[in-house]
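Asks: quick one, fold the following:
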Amino acid sequence: MRVHFIAIGGSAMHNLALALHQKGATITGSDDEIFDPSKSRLEAKGLLPESYGWFPEKITTQLDAVILGMHAKEDNPELLRAKELDLTIYSYPEFLYEQTKNKTRVVIGGSHGKTTITSMILHVMHYHGIAVDYMVGAQLEGFDTMVHLTENNDFVVLEGDEYLSSPIDRRPKFHLYKPNIALLSGIAWDHINVFPTYENYVSQFEIFLEQITDGGAIIYNEEDTEVKRVVENSDSLIKKYPYRTPEYMVEDGTTLLETPEGQMPIEVFGRHNLNNLEGARWICQLMGVDADDFYEAIATFKGASKRLEKIAENEHAVAYKDFAHSPSKVQATTKAVKNQYPDRKLIACLELHTYSSLNPDFLKEYKNTLDAADQAVVFYSPHAVLIKGLEAIKGEQIEAAFDREDLNVFTNPADFKTYLFSQDYKDSSLLLMSSGNYGGLDFNEIKEYIK
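Replies: Numbering: from 1, shown residues only. This is a model prediction of the structure:
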């Protein structure tokens, strides 16, 4: 099979390219810029384009498929050439469905927790030597790529993102997978550049339920009011299994999960992660893993990359970084760290980095999300606001949105860094939340400072 990737350097795209290469396909690709780790990983397999840019001459009738990434534009020269030649053009999720339509598809959906739940399931399967195909949104310990496709495995586990499929396919990705088994973890308004109203956003999850195959199953978080309403109002011919947060306690900085065999220490923490764990347990049960085997495996799960990832620790301080950026994630993560270390001062830092988080109309959604922190910090780049074509934001708007008078607001990376390294971290927890890097912060310096 000969496959060409338009915008091969993306996180998801380059992983799919690596997976298909491993499966024996002939892979070519183009992009106008590629950064690490995508660059070095493609280069190691001989898949890195010789030069950056778009080259219509790469598009020929010899290709079996062209896969179009979100980074490309509608007027991309290679895309136009592929249309001219009437080639088969797939979005990333369309191609994944084509590769997995004869398998049992397990799709993990929701505004938050998708990556963690998918990672937990894959960790359990890997622990017990059960081979499955998969696509997950983070690099996992013990896994070479974020995408794995075979001819033989019966199950495929897919993280179901609600963002758009491609520049020419405006459907959310998770509408295209047609799950046999699905999970819905939570619904909290996000991606307002694509879904301008809350009602429009919620409707995407209603459509997701309609895509589940007849006779299939939905595992859903009944503690989320909107999830419960959407699932229980669905008249699709599917089985419905609710789950809720299991009993647990925190003792001396260790989370103990209640199991049928008694209390069990686990590596992950926070109510939201215990809720994720229970959803993963249900999915694993439907995939043939019983409760005892699940608990044995999950005790060794340390978390997905950038999801409450511990980056530094000494006897009196700890530092975490987390991908949290939406209001619900920020609030859950901040509470989780405070509950895990209740006797320590919590310094919680949030970078407003995404389109939604930098939108003045959306800012009010962050009200009270940092209340669990003893010191709260927000960093944003006015340049990023400008690039996204959004209305300028003032520091006073940030303070008002978070409803916190003592909020520290920084717009200059150097000033933020000076603040970080002037703090006394004795008996403290530091939480760095962002889908960016605070204008170039080197997290290794944090490790050196807190060691």
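Asks: who's in contact with the residue nearest to the spatial centre of the chain?
Replies: Centroid-nearest residue in the chain: Thr115, 4.6 Å away (criterion: CA atoms, centre = their mean). Residues in contact with Thr115 (CB atoms under 8 Å, 6 or more residues apart in numbering) are 136-138, 159, 304, 307, 323. To be clear about C-beta, it is placed using only N, CA and C from the backbone, and glycine gets the same treatment.
Asks: list just the nearest of the residues you listed to Gly10.
Replies: Nearest to Gly10 among the contacts of Thr115, counting by CB to CB, is Gly137 at 11.7 Å.
Asks: what count of nearby residues applies to the closest one?
Replies: Gly137: 21 surrounding residues under other CB atoms under 10 Å.
Asks: and Leu183, by the same measure?
Replies: Leu183: 29 neighbours (other CB under 10 Å).
Asks: doesn't Thr118 make contact with it?
Replies: No. Applying CB atoms under 8 Å as the test, Leu183 and Thr118 come out as separate, 9.1 Å apart.
Asks: find residues that contact each of those two.
Replies: Ile108.
Asks: run a quick neighbour tally on Tyr320.
Replies: Neighbours of Tyr320 using other CB under 10 Å come to 23.
Asks: pairing partners for it in the sheet, please.
Replies: Beta-bridge partners for Tyr320, by DSSP bridges, are Lys310, Leu431.
Asks: how about Lys240, phi and psi?
Replies: phi -120, psi 120 (degrees, to the nearest 10).
Asks: kindly report the same for Ala19.
Replies: Taking degrees, to the nearest 10, you get phi -60, psi -40 for the backbone angles of Ala19.
Asks: also Arg271?
Replies: Torsion angles, degrees, to the nearest 10, at Arg271: phi -60, psi -40.
Asks: can you tell me how far the residue lying closest to it once chain neighbours are set aside is from Gly279?
Replies: What sits nearest to Arg271 in space, not counting adjacent residues and going by CB to CB, 6 or more residues apart in numbering, is Thr245, at 5.9 Å. Here the criterion is CB to CB, to the nearest Å. By it, Thr245 lies 10 Å from Gly279.
Asks: partners of the longest strand along the chain, with directions?
Replies: As assigned by DSSP state E, the longest strand anywhere in the chain is strand 345-352. Strands that pair with strand 345-352, judged by DSSP bridges, come out as strand 375-380 (parallel), strand 428-433 (parallel).
Asks: how far off centre is the last one?
Replies: The chain centre lies 20 Å from the centre of strand 428-433; the measure is CA atoms, centre = their mean, to the nearest Å.
Asks: residues in contact with that strand?
Replies: 311-312, 316-325, 329-330, 333-334, 337-338, 340-341, 344-351, 373, 420, 423, 438, 441, 443, 446, 450.
Asks: cool, and stretch 304-324?
Replies: Taking CB under 8 Å, 6+ apart as the rule, stretch 304-324 contacts 115-116, 119, 136, 138-140, 268-270, 273, 303, 329-330, 332-333, 336-337, 341, 344, 350, 425-435, 443, 446-447, 449-451.
Asks: in strands, which of the residues you listed fall?
Replies: 350, 428-433.
Asks: out of the residues you listed, grab the one that's most surrounded.
Replies: Leu350 (29 neighbours).
Asks: ok, that residue - contacts?
Replies: Going by CB under 8 Å, 6+ apart, Leu350 touches 324-325, 330, 370, 376-379, 433-434.
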